[in-house]
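Visitor: predicted model and sequence follow; I will ask about them next.
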Amino acid sequence: MIPKVFREVIDLGDGREISIETGKLAKQAHGSVVVQMGKAMLLCTVVSSYEQSKLDFLPLTLDYREKFAAAGRYPGGFFKREARPSNDEILVMRLVDRVLRPLFPKDYHAETQVMIQLMSHDENVMPDALAGLAASAAIQLSDIPFETPISEVRVARVNGEFVLNPSRSILEHADIDMLIGASADSVMMVEGEMDECSEEEMAEAIKFGHEAIKIQCAAQVRLAEAFGKKETREYAAEATDEDLAAKIREAAYQKCYDIAKKGTSKAERSAAFAEVKEEVKALFTEEETEEFGGMIGKYFNAAQKEAVRELTLAEGLRLDGRKTTDVRPIWCEVDYLPSTHGSAIFTRGETQALATVTLGTSREASQIDMPTYQGEETFYLHYNFPPFCTGEARPLRGTSRREIGHGNLAQRALKGMIPADCPYTVRVVSEVLESNGSSSMATVCAGTMALMDAGIQMTKPVSGIAMGLISDGDRYAVLSDILGDEDHLGDMDFKVTGTADGITACQMDIKVKGLSYEILVSALKQARDGRLHILGKITDTISAPAAEVKSHSPKMVTKTIPGDFIGALIGPGGKVIQELQKSTGTTIVINEDPITEEGIVEILGTEQEGIDAVLAKIDSITFRPEKGSVYEVKVIKMLDFGAVVEYLEAPGNEVLLHISELAWARTENVTDVVNMGDVFDVKYFGRDPKTRKEKVSRKALLPRPERTPIKKEETK
């Protein structure tokens with residue numbers, strides 16, 4: 001039977017369109033759609049258990065995968081099958097999850113799985129910008145409880161004009177690249193990178209993206225109505241007890257307010273809050289505690305959150321005693337690790353990051369092999385968040401999605417300040433040693449200092465700050481340099497990085513509905529003040545990049561050679577280059593420029609003497625004497641019919657100096673004119689057109705003897 005297909009089309013206004021289709025594929029899923037733009041097609045399915053889990057949170061799995069078949073390619077590696085998700089796929093998962101998760105009911109705890117798969121690729125379409133639309137549309141067609149449709153779009157600015165969902169080739173020319181997630185009435189998520197844009201320009205980009213999202217949300221509503229929107233399923237909601245909530249608030253609110261007002265350290269206030277919580281529990285009998293279950297803890301947390309928020313809104317004070325605009329004390333140090341190529345410590349309050357820099361050749365570039373993109377990164381940053389940094393002991397299960405996301409944010413913040421002519425592949429690693437509030441921003445600051453310590457000539461130093469917002473609708477407070485606790489209790493947390501001249505990257509999660517752009521710009525400007533304060537601490541520690549790399553760091557020299565000499569430099573079976581690396585203690589990498597077909601030789605070594613030896617060998621191999629030029633040579637071999645001479649400026653390059661070119665007078669024996677080891681000049685005449693052999697001459701540089709006149713008597 002031919003399936004009945006329902007389809008909705010979104011016109012982007014520039015000849016492009018996005019279609020949302022359902023009814024053809026994956027009909028056993030609770031909701032499924034195919035989102036198509038050009039030849040790019042995403043299949044998204046959603047399934048949610050009809051039984052509530054025993055967990056006290058929503059067990060939501062958001063999965064995004066790009067199939068290699070979508071681009072007509074095979075997976076790399078030994079096993080020709082897609083395996084673990086790539087970093088880029090994980091980043092897309094995080095982007096969609098951050099918008100979807102808050103819109104499920106807080107008491108909905110059923111196992112839920114959203115799967116998004118790229119089934120067909122179009123090189124002119126970046127599928128990550130369609131993933132949020134696909135996920136939301138699939139949920140709208142299901143009976144899963146969900147507050148409102150959302151969507152996500154990419155906004156780029158090219159030549160001063162905003163472009164919606166640009167192709168990768170267009171994006172290369174953009175000075176703003178942002179992904180924005182929103183519902184029809186509220187912006188919920190922003191993430192991107194910029195070329196030092198202003199706060200107002202960033203807000204304009206968000207507005208532009210939000211207008212497009214409103215249209216996409218309306219299209220989802222129309223599709224759901226045409227398909228036949230299902231009634232939202234019933235589920236066992238969490239038990240509530242308003243009398244219990246009021247009793248706990250009365251017992252805990254003021255005590256929590258007083259503790260928050262003392263401005264103590266994380267450990268001290270955690271212990272104090274825990275003591276109040278125990279006092280609240282003591283108000284109930286064992287039977288009542290068992291009857292109420294987790295409600296006691298839930299209502300205590302609500303009272304604590306209300307007290308802390310009210311302290312900030314009413315008195316402008318925060319958990320650690322700071323005012324809303326204060327940044328915690330900062331201390332920094334560079335060149336801490338003696339053996340690394342660059343290192344720095346950045347400590348802000350109870351957050352600390354130790355960053356290292358390692359310099360290498362193009363061989364160490366990070367390779368990217370995805371269905372939608374193949375390339376490499378010569379600057380990349382890795383972020384590690386071990387459990388001890390928060391005083392915890394938990395299993396180590398590889399790199400987490402959070403570590404990948406925070407590392408990517410810091411990488412985007414810094415990469416624009418790495419000069420285009422930097423010869424190195426640069427790896428930055430941030431080890432988070434303490435965390436109580438934005439270790440990703442500490443990573444940006446530590447990374448900046450480590451790069452400058454390593455001698456990377458950064459265009460400008462970059463700093464970052466994490467901000468928060470608390471609002472009750474009438475009052476609001478923007479918090480600079482938020483604590484971990486403030487991240488959880490606030491209505492918005494946003495991280496902003498930049499130079500003294502503008503923003504380079506941002507990441508925002510907005511929890512309050514209908515946030516005005518005036519408040520957003522105000523918050524961004526307060527972030528700028530905090531960012532500049534932190535930048536001052538950084539430049540007080542290291543004011544400019546080191547003039548040179550450290551003595552134990554590798555020096556990098558890049559040399560271009562004609563393409564037809566690449567083989568000679570490598571040698572048969574790599575013999576020449578291997579012996580050269582061994583004898584000079586260097587690393588030599590040869591790449592061919594695909595456009596000019598020239599060889600690009602990278603020479604990496606700690607000793608300048610070894611690098612100079614490699615350069616001399618390259619000069620020798622690539623030496624081409626010019627016709628008509630004079631060269632100094634040395635006799636290295638004697639023959640009956642001439643002498644073999646070596647060019648002194650290119651050792652290893654030999655040529656035959658024929659006996660007839662030694663002197664103007666007839667030469668009977670070569671040794672009558674030159675001997676082994678003699679050094680003199682010769683003139684190069686190029687190749688003889690008949691013999692195709694190179695010709696040099698010594699006599700051409702000697703005065704030509706005058707001819708002796710012949711007497712008449714001698715001619716008779």
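Guide: Received it, and whenever you're ready, just let me know what you need.
Visitor: mind naming the longest helix for the chain?
Guide: The longest helix of the chain (DSSP state H) is helix 199-227.
Visitor: need the next SSE after it, C-terminal direction.
Guide: helix 242-262 (DSSP states H and E).
Visitor: so which residues make contact with that next one?
Guide: Applying Cβ atoms under 8 Å, 6 or more residues apart in numbering, the external contacts of helix 242-262 come out as 269, 272-273, 276-277, 279-280, 283, 292, 295-296, 299-300, 302-304, 306-308, 310-311, 315, 317-319, 321. Glycine gets a C-beta too; all of them are placed from N, C-alpha and C.
Visitor: what of stretch 159-177?
Guide: 12, 14, 16, 37, 123-126, 129-130, 153-158, 192-195, 197, 201-202, 204-205, 208-209, 212, 373.
Visitor: how far off centre is stretch 287-306?
Guide: Centroid displacement of stretch 287-306 relative to its chain, using Cα atoms, centre = their mean, to the nearest Å, is 42 Å.
Visitor: could you do stretch 125-142 as well?
Guide: Using Cα atoms, centre = their mean, the offset of stretch 125-142 from its chain centre is 24 Å.
Visitor: I'd like the average pLDDT over that stretch.
Guide: For stretch 125-142, mean pLDDT rounds to 96.
Visitor: just the buried ones out of the contacts of helix 242-262, please.
Guide: Listed as buried from the contacts of helix 242-262 are 269, 272-273, 276-277, 280, 292, 295-296, 299-300, 303-304, 306-308, 310-311, 317-319; burial here means 16 or more other Cβ atoms under 10 Å.
Visitor: ok, now which ones touch the nearest residue to Ala239 once chain neighbours are set aside?
Guide: Residue nearest to Ala239 in three dimensions, not counting chain neighbours: Met295, with 6.6 Å by Cβ to Cβ, 6 or more residues apart in numbering. Going by Cβ under 8 Å, 6+ apart, Met295 touches 239-241, 244-245.
Visitor: how far away is Met295 from Tyr257?
Guide: 22 Å (Cβ to Cβ, to the nearest Å).
Visitor: returning to what we had before: and the buried ones among the contacts of stretch 159-177, selectable in PyMOL?
Guide: Selection of buried members from these for PyMOL, criterion 16+ other Cβ under 10 Å:
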select buried, resi 37+125+126+129+130+153+154+155+156+157+192+193+194+197+201+202+204+205+208+209+212
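Visitor: burial measure for the closest residue to Leu313 other than its chain neighbours, as a count.
Guide: Closest residue to Leu313 apart from its sequence neighbours, by Cβ to Cβ, 6+ apart: Arg475 at 4.8 Å. When counting by other Cβ atoms under 10 Å, one arrives at 12 neighbours for Arg475.
Visitor: ok, the one 10 residues further on next?
Guide: Neighbour count of Asp485, defined by other Cβ under 10 Å: 21.
Visitor: cool, Glu147 as well?
Guide: Glu147 has 11 neighbours, counted by other Cβ under 10 Å.
Visitor: can you report phi and psi for it?
Guide: phi -70, psi -50 (degrees, to the nearest 10).
Visitor: give the buried residues for the longest helix of the chain.
Guide: For helix 199-227, by 16+ other Cβ under 10 Å, it's 199, 201-206, 208-210, 212-213, 215-217, 219-220, 223-224, 227.
Visitor: so for it, mean pLDDT?
Guide: Per-residue pLDDT over helix 199-227 has a mean of 95.
Visitor: contacts for the host helix or strand of Val521, please.
Guide: Here Val521 sits within helix 517-541, counting by DSSP H and E. Contacts with helix 517-541, where a contact means Cβ under 8 Å, 6+ apart, come from 199-200, 202-203, 206-207, 325, 327, 330, 332-334, 344, 346, 348, 445, 448-449, 461-465, 467, 469, 471, 476, 478, 480-481, 492, 494, 496-500, 503.
Visitor: so which of those are in strands?
Guide: Counting by DSSP state E, the part of the contacts of helix 517-541 found in strands is 330, 332-334, 344, 346, 348, 463-465, 467, 469, 471, 476, 478, 480, 492, 494, 496-499, 503.
Visitor: out of those, which are buried?
Guide: Buried members of those, counted by 16+ other Cβ under 10 Å: 330, 332-334, 344, 346, 348, 463-465, 467, 469, 471, 476, 478, 480, 492, 494, 496-499, 503.
Visitor: now the helices for the stretch 601-716 of the chain?
Guide: Residue ranges of the helices in the stretch 601-716 of the chain, as given by DSSP state H, counting those that start in this stretch, are 608-621, 712-715.
Visitor: now for the longest one, which elements pack on it?
Guide: In other words, helix 608-621. Applying 3 or more Cβ pairs under 8 Å, 6 or more residues apart in numbering; DSSP states H and E, one finds that helix 608-621 contacts strand 555-561, helix 566-570, helix 575-584, strand 599-605.
Visitor: low-scoring pLDDT stretches of this protein, where are they?
Guide: Along the chain, segments meeting pLDDT under 70 span 708-716.
Visitor: quick one, what contacts Glu66?
Guide: With the criterion set at Cβ under 8 Å, 6+ apart, Glu66 makes contact with 86, 89, 117-118, 121, 127, 370-372.
Visitor: let's see 10 Å
Guide: When contacts are counted by Cβ atoms under 10 Å, 6 or more residues apart in numbering, Glu66 touches 42, 82, 85-86, 88-89, 92, 116-119, 121, 127-128, 370-373.
Visitor: now do Arg154
Guide: 126, 128-130, 163-166, 171, 174, 177-180, 192, 209, 212.
Visitor: helices - which of these land there?
Guide: Per DSSP H, the contacts of Arg154 map to helices at 128-130, 171, 209, 212.
Visitor: taking those residues together, which two end up most distant?
Guide: Using Cβ to Cβ, the ones in helices among the contacts of Arg154 span at most 16.4 Å, a distance reached by Leu171 and Ala212.
Visitor: got the angle for the stretch of helix or strand Arg269 belongs to vs helix 242-262?
Guide: Per DSSP H and E: Arg269 is located in helix 266-281. Interaxial angle, helix 266-281 versus helix 242-262 (axes from the mean of the first three to the mean of the last three Cα atoms, to 10 degrees): 150 degrees.
Visitor: quick one: buried residues of whichever helix or strand comes after helix 266-281?
Guide: Downstream of helix 266-281, the next assigned helix or strand under DSSP H and E is helix 286-292. By neighbour count on 16+ other Cβ under 10 Å, the buried set for helix 286-292 is Phe292.
Visitor: send me the next helix or strand after helix 286-292 as PDB with only the CA atoms.
Guide: Following helix 286-292 in sequence order, the next helix or strand is helix 295-315 (DSSP H and E). Extracted C-alpha coordinates of helix 295-315, given in PDB (Å, rounded to 0.1, in the frame of the first residue of the first chain):
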ATOM      1  CA  MET A 295       9.900  15.600  48.300                       C
ATOM      2  CA  ILE A 296      11.700  16.800  51.400                       C
ATOM      3  CA  GLY A 297      15.000  17.200  49.500                       C
ATOM      4  CA  LYS A 298      13.300  18.700  46.500                       C
ATOM      5  CA  TYR A 299      11.400  21.300  48.500                       C
ATOM      6  CA  PHE A 300      14.600  22.100  50.600                       C
ATOM      7  CA  ASN A 301      16.500  22.700  47.400                       C
ATOM      8  CA  ALA A 302      13.700  25.000  46.100                       C
ATOM      9  CA  ALA A 303      13.800  27.000  49.300                       C
ATOM     10  CA  GLN A 304      17.600  27.300  49.200                       C
ATOM     11  CA  LYS A 305      17.500  28.400  45.500                       C
ATOM     12  CA  GLU A 306      14.800  31.000  46.300                       C
ATOM     13  CA  ALA A 307      16.900  32.400  49.200                       C
ATOM     14  CA  VAL A 308      20.100  32.700  47.200                       C
ATOM     15  CA  ARG A 309      18.300  34.400  44.200                       C
ATOM     16  CA  GLU A 310      16.500  36.800  46.500                       C
ATOM     17  CA  LEU A 311      19.700  37.800  48.200                       C
ATOM     18  CA  THR A 312      21.200  38.800  44.800                       C
ATOM     19  CA  LEU A 313      18.000  40.600  43.600                       C
ATOM     20  CA  ALA A 314      17.300  42.400  46.800                       C
ATOM     21  CA  GLU A 315      20.800  43.200  48.100                       C
END
